[in-house]
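> Sequence plus the predicted model coming up.
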Amino acid sequence: MTNRQLFRRRDRSLVRRNVRRAVRCRWRAPDYLALALRACQRLLRCNRELARLVPEFFDPVIVDRLARERAEKLRWRAEWEPALRKVYGESADPEPEPDLLPPLPSPRVQRRVDALLAERQQWLTLGTLNLRRFHERRPQKVASLGQLARLLWAAVQLGRWAAGIPDHPEPPTPAAPDPWADLARIYPEPPAPSP
């Protein structure tokens with residue numbers, strides 16, 4: 001008999017405590033700064049995924065490197081084409097102009113890129129909206145140390161991405177050979193005639 005009463009009391013107090021917790025829940029205003037930080041993290045994740053899928057279009061480091069290589073090829077072509085025409089004459093079928101843009105990825109990758117671009121735009125809009133709400137509704141609230149650290153980290157990551165600074169630096173590329181130095185070495189200048 002005693003055991004039955006003890007169990008009943010314990011069960012009753014446990015049920016009462018859980019019910020009171022559920023009933024007493026208070027409405028809290030959403031933490032707009034935390035929502036903005038989460039949206040910023042998702043935006044960065046979308047940027048990383050886009051750079052992984054199609055680095056020729058979305059990785060700022062690779063885009064910059066490819067633009068430099070294209071400019072170098074065009075400069076080299078403009079420098080050597082007149083000499084080649086002079087030696088070999090005009091050809092019947094001129095060479096096609098080099099492609100200025102990299103080739104498009106497969107349709108499957110293009111669909112994934114379109115979805116990621118839409119998701120990135122959504123997170124950007126959501127983050128901007130939540131940050132604006134935070135400033136409007138709680139202008140005097142001081143962010144916690146963890147939120148400040150997350151804000152600083154997000155700002156650094158966005159700045160690195162916008163400036164084209166790689167997360168993992170690429171190994172230095174070897175210097176391009178100098179064709180004029182090679183020609184000077186192969187065909188040295190004849191010595192000047194002595195008087």
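All right, it came through fine.
> does residue 193 sit in a helix or strand, and which one?
Residue 193 belongs to no helix or strand when assigned by DSSP states H and E.
> what's the neighbour count on it?
5 (other C-beta atoms under 10 Å). C-betas here are computed from N, CA, C, even on glycine.
> try residue 113
Neighbourhood size, residue 113 [other C-beta under 10 Å]: 18.
> hang on, isn't it packed against residue 53?
Yes. Judged on C-beta atoms under 8 Å, residue 113 makes contact with residue 53 at a distance of 6.1 Å.
> Next, residue 127: secondary structure please.
helix (DSSP: H, G, I helix; E, B strand; the rest coil).
> And it, what's its pLDDT?
Confidence at residue 127, expressed as pLDDT, is 91.
> same thing with the one 10 residues further on?
The predicted local confidence for residue 137 comes out at a pLDDT of 87.
> got the contact list for it?
29, 32 (C-beta atoms under 8 Å, 6 or more residues apart in numbering).
> From residue 107, how far off is the residue nearest to the spatial centre of the chain?
In the chain, the centroid-proximal residue (C-alpha atoms, centre = their mean) is residue 47; its distance is 3.8 Å. According to C-beta to C-beta, to the nearest Å, residue 47 stands 22 Å off from residue 107.
> picking that back up, what residues are up against the residue nearest to the centre of the chain?
So residue 47 contacts 58, 120, 161 (C-beta under 8 Å, 6+ apart).
> Many thanks, we can stop here.
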